[in-house]
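Q: Would you be able to build a 3D model of this:
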Amino acid sequence: MVSAKMKARAHEAFTKLNQLYAEANGKAEPFPVMKIGSWIVRGPLAKGEIADLYEAISDKHGEAVFKIARVAKDNDLMEAEAKSLKKLWDSAPTDNFKKYLPQVFENFKASDRRINVLGLAGGNHRNLAEILNQYPNGLDFRHVVWMMNRLLAVLGYAHRQGIVHGAVLPEHTLYQTEDHGIMLVDWCYSVEAGKTVRAVVKDHHSYYPPEILKKRSVSPATDIYMAAKMMLIAAERVPARFRFLLEEWCLAESPEARPQDVWGLQERWETLAKEEYGPPKYVRLEVAAH
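A: I've put the predicted structure just below:
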């Protein structure tokens, strides 16, 4: 529960936050650091599809992301993210699964807009879109192997909890290229399996399966479709033994014709990788610093 005092301070702060991007793009006046509750909001991080992201810090949690809905009509998407992430964190049997997911430190509404305060991804994470900007011809498939393997792991955990991510896109997959880690972000589009996804990310329609675009119910096969589409786009060349799995099975028009269990698919993926490349071996992915 957020106090009335904190809501009032947040309302006042939003007047300044709304000037953020203008001030950060050429104006001399710097962004004014401000306090909202226990958080010090220090400056801009990114402009997302439905929300603006700001760097914040507190004595209790350290660094975090203040994610603020740009308009009140998207509050339901912000609430969906907080609900899904809290469930996934509370259900995690070990910390091994938590490292794949942002943590919700707080979520509240002020000035009619929903705010999620999220834990930052530790280490040098880069989203797949940024990585591919440095590899315009695509990645060696050995990198795709570990990227898909990590992605299937986090999706498999979410699906066991009955949650479909609904927006598995390059901008939402953060990879730690040094230790081959992953964090899957932006759970605003997530829903319970059997429900319909509320919205899609503009300019990314080609990634979406028919059931989302036609506003039909979704299932684990929905995320599988998007993950496979993303990896096909990321790959410079797809070895023949992976081609049927990705192009025909995972991208089948009908969800029922696709794999239904992500962890079962992961086992098949690992088998194919061993057949293609032998025992697992670390392959460094060179990515320039920010």
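Q: give the contact list for Gly48.
A: If a contact means C-beta atoms under 8 Å, 6 or more residues apart in numbering, then Gly48 has Lys67, Asp186 as its contacts. For every residue, glycine as well, the C-beta is placed using N, CA and C.
Q: gap between it and Val200?
A: Gly48 sits 14 Å away from Val200, going by C-beta to C-beta, to the nearest Å.
Q: dump the residue contacts of Ala221.
A: Ala221 makes contact with Pro209, Pro255, Glu256, Arg258, Pro259, Gln260 under the criterion C-beta under 8 Å, 6+ apart.
Q: do that again at 7 Å, thanks
A: Listed by C-beta atoms under 7 Å, 6 or more residues apart in numbering, the contact set of Ala221 reads Pro255, Arg258, Pro259, Gln260.
Q: Then Val287?
A: With C-beta under 7 Å, 6+ apart, Val287 has these contacts: Arg126, Ile131, Gln134, Thr177.
Q: right, and Ser190 touches Lys83 too?
A: No - in this structure, Ser190 is not within contact of Lys83 by C-beta atoms under 7 Å, at 8.3 Å.
Q: got the phi/psi numbers for Ala227?
A: The phi/psi pair for Ala227 (degrees, to the nearest 10) reads phi -60, psi -40.
Q: Could you give the number of residues near it?
A: Burial measure for Ala227: 24 neighbouring residues, criterion other C-beta atoms under 10 Å.
Q: Quickly note the distance from it to Ala56.
A: Ala227 is 31 Å from Ala56, where distance means C-beta to C-beta.
Q: Looking only at neighbour counts, state which of Ser190 and Lys83 leads.
A: Ser190 (25 against 17).
Q: check contacts around the more buried one.
A: Contacts for Ser190 (C-beta under 7 Å, 6+ apart) come out as Ala80, Glu81, Ser84, Ile163, Val164, His165, Gly166.
Q: Greatest separation within those residues: which pair is it?
A: Glu81 and Val164 (13.2 Å; C-beta to C-beta).
Q: quick one: Leu151 and Thr173 touch, right?
A: Yes - applying C-beta under 7 Å, one finds Leu151 in contact with Thr173, separated by 6.3 Å.
Q: Residues that sit against both of these two, list them.
A: With C-beta under 7 Å, 6+ apart, Leu151 and Thr173 have common neighbours Ile182.
Q: wouldn't Arg42 be in contact with Glu55 here?
A: Yes - at 4.8 Å, Arg42 and Glu55 qualify as touching, with contact defined as C-beta under 7 Å.
Q: Report the buried members of the contacts of Ala221.
A: When the contacts of Ala221 are checked for burial by 16 or more other C-beta atoms under 10 Å, the buried set is Pro255, Arg258, Pro259.
Q: could you dump those to JSON lines with secondary structure?
A: Below are the buried ones among the contacts of Ala221 laid out as JSON lines (DSSP: H, G, I helix; E, B strand; the rest coil):
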{"residue": "Pro255", "secondary structure": "helix"}
{"residue": "Arg258", "secondary structure": "coil"}
{"residue": "Pro259", "secondary structure": "coil"}
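Q: so which two of the contacts of Val287 are the farthest from each other?
A: Taking C-beta to C-beta, the two most distant members of the contacts of Val287 are Gln134 and Thr177; they sit 10.6 Å apart.
Q: tell me the SS of the closest residue in space to Leu184 that isn't next to it in sequence?
A: Nearest residue to Leu184, sequence neighbours excluded (C-beta to C-beta, 6 or more residues apart in numbering): Val154, at 4.9 Å. Three-state call for Val154 (three-state DSSP): helix.
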